[in-house]
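Q: Here is a sequence with its predicted model. Questions after.
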Amino acid sequence: MLSDKMAAALNEQIKIEAESSQIYLAMASWAEVKGFEGISTFMFKQSDEERMHMLKLLKYVNQRGGSAVVSALEEPRLDYTSFSTLFRQLYEHEVKVSASINNLVDIALTEKDYATHNFLQWYVSEQIEEEAQAKVILDKIDLIGDSKGGLYMFDNDMKSFTSAGHNIVQ
Ligand code: FEO
């Protein structure tokens, strides 16, 4: 059974993951309109993944005797100046999500909730992956600079970019 404090913190994370999904959905739509097919494919996939993160938490809260809260979401406020500012925001957002996951782990320990501590390890690993993935993409963007050809290739590579493979063309 979850403590009230743990349940409230997990419910807050449900909202954060749902908002992450909205943020990446907004990015996907922007990229689609701009004709960045690869970037939009990548962002739609990211958005789906965040929804999965949200659902996994929701089901866990209910399974452990809590009541998952499905709350209203903030409209994403993003800087769409360029695709590189978009990816910078993605990276910064993931760093914030990692901090909130770490905070949940802290709460699980202080509440002596070892089941939740164990459950959260999946998210800890996921955040390492997501931050690393965003960092790899940002490094590639720095390399491209203002090259139009580079941007074309980058967009093309993003279609098949996976966090496991980091299979972007070097
Ligand atoms: Fe579910 Fe990207 O944090």
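A: Thanks, I have the structure now.
Q: And the helices in this structure?
A: Ranges of helices in the chain, per DSSP state H, are 4-34, 37-63, 83-110, 114-144, 148-158.
Q: Dump these into a markdown table; add mean pLDDT as well.
A: Compiled in a markdown table, the helices of the chain are given as follows (pLDDT from 0 to 100):
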| stretch | mean pLDDT |
| --- | --- |
| helix 4-34 | 97 |
| helix 37-63 | 97 |
| helix 83-110 | 96 |
| helix 114-144 | 95 |
| helix 148-158 | 90 |
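Q: Which of those sits closest to residue 75?
A: Nearest to residue 75, of all the helices of the chain, is helix 4-34, at 7.7 Å by CB to CB. From N, CA and C alone the C-beta is placed, and that goes for glycine too.
Q: burial measure for the closest residue to residue 95 other than its chain neighbours, as a count.
A: In space, and not counting its chain neighbours, residue 95 is closest to residue 131: 6.4 Å by CB to CB, 6 or more residues apart in numbering. Neighbourhood size, residue 131 [other CB atoms under 10 Å]: 15.
Q: I'd say residue 131 and residue 98 touch.
A: Yes: shown here, residue 131 and residue 98 form a contact pair, counting by CB atoms under 8 Å, at 6.1 Å.
Q: what does this protein have sitting close to the ligand?
A: Contact residues (CB under 6 Å from any ligand atom) of the chain with the ligand: 17, 20, 50, 53, 94, 97, 130.
Q: how about 5 Å then?
A: Within the chain, the residues that sit near the ligand (CB under 5 Å from any ligand atom) are 17, 50, 53, 97, 130.
Q: of all the residues you listed, which comes closest to residue 78?
A: When those are ranked by distance to residue 78 (CB to CB), residue 50 comes first, at 14.8 Å.
Q: Now for that closest one: which residues touch it?
A: Each residue near residue 50 by CB atoms under 8 Å, 6 or more residues apart in numbering is listed here: 17-18, 20-21, 24.
Q: what do you get if the cut-off is 7 Å, keeping everything else the same?
A: Contacts for residue 50 (CB atoms under 7 Å, 6 or more residues apart in numbering) come out as 17, 20-21, 24.
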